[in-house]
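1. just need the structure, nothing else, for what follows:
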Amino acid sequence: MGSTELAANLFRATQTEEKLRRDGIKGKVRANRTHFEVGQKVRSTIKELGGTMPEQLPTPQTSIQQISSAQNKLTARKK
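-> You can find the predicted model right below:
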């Protein structure tokens with residue numbers, strides 16, 4: 001995940017959290033619906049501004065799991 005996608009996800013998460021708190025939304029179904037609605041608005045804004053949709057962004061060549069595994073191997077060698 002690059003910085004653009006990370007920023008969009010963080011914005012969606014923070015805005016959803018605020019909306020849940022502000023509107024007093026309770027319950028899993030209502031919270032999930034709110035997450036979805038906020039996510040749709042974030043996606044709509046990205047599209048409206050001519051940005052690249054998250055699914056069209058390039059993916060890193062190395063996954064988090066691969067990096068973590070390599071780090072663990074390096075740490076094990078040092079012991």
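
2. and the helix or strand encompassing Ser44, what's its mean pLDDT?
-> In the assignment (DSSP states H and E), Ser44 maps to helix 28-48. Helix 28-48 carries an average pLDDT of 95.

3. residue boundaries of the helices in this structure?
-> 3-22, 28-48, 64-78 (DSSP state H).

4. JSON lines for these, including distance to Gln56 and mean neighbour count?
-> Backbone N, C-alpha and C define where each C-beta goes, glycine included. As requested, those are exported to JSON lines (distance: least, CB to CB, whole Å; neighbours: other CB atoms under 10 Å):
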{"stretch": "helix 3-22", "distance to Gln56": "10", "mean neighbour count": "13"}
{"stretch": "helix 28-48", "distance to Gln56": "10", "mean neighbour count": "13"}
{"stretch": "helix 64-78", "distance to Gln56": "20", "mean neighbour count": "9"}
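
5. out of the ones you listed, which gets nearest to Pro54?
-> helix 3-22 (4.9 Å; CB to CB).

6. now that closest one against helix 28-48, angle please.
-> Between the axes of helix 3-22 and helix 28-48, defined by axes from the mean of the first three to the mean of the last three CA atoms, to 10 degrees, the angle is 140 degrees.

7. elements contacting helix 3-22?
-> Judged by 3 or more CB pairs under 8 Å, 6 or more residues apart in numbering; DSSP states H and E, helix 3-22 is in contact with helix 28-48.

8. and the helix it packs on, C-alpha only, in PDB?
-> Output of helix 28-48 as PDB, limited to C-alpha atoms (Å, rounded to 0.1, in the frame of the first residue of the first chain):
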ATOM      1  CA  LYS A  28     -22.700  -3.900  14.200                       C
ATOM      2  CA  VAL A  29     -25.000  -3.600  11.200                       C
ATOM      3  CA  ARG A  30     -25.400   0.200  11.500                       C
ATOM      4  CA  ALA A  31     -21.700   0.700  12.100                       C
ATOM      5  CA  ASN A  32     -20.800  -1.500   9.000                       C
ATOM      6  CA  ARG A  33     -23.300   0.500   6.900                       C
ATOM      7  CA  THR A  34     -21.700   3.700   8.100                       C
ATOM      8  CA  HIS A  35     -18.200   2.400   7.200                       C
ATOM      9  CA  PHE A  36     -19.500   1.500   3.800                       C
ATOM     10  CA  GLU A  37     -21.200   4.800   3.200                       C
ATOM     11  CA  VAL A  38     -18.200   6.900   4.200                       C
ATOM     12  CA  GLY A  39     -15.900   4.700   2.100                       C
ATOM     13  CA  GLN A  40     -18.200   5.300  -0.900                       C
ATOM     14  CA  LYS A  41     -18.000   9.000  -0.400                       C
ATOM     15  CA  VAL A  42     -14.200   8.900  -0.100                       C
ATOM     16  CA  ARG A  43     -14.100   6.900  -3.400                       C
ATOM     17  CA  SER A  44     -16.500   9.300  -5.000                       C
ATOM     18  CA  THR A  45     -14.300  12.300  -4.000                       C
ATOM     19  CA  ILE A  46     -11.200  10.600  -5.400                       C
ATOM     20  CA  LYS A  47     -12.900   9.900  -8.700                       C
ATOM     21  CA  GLU A  48     -14.400  13.400  -8.900                       C
END
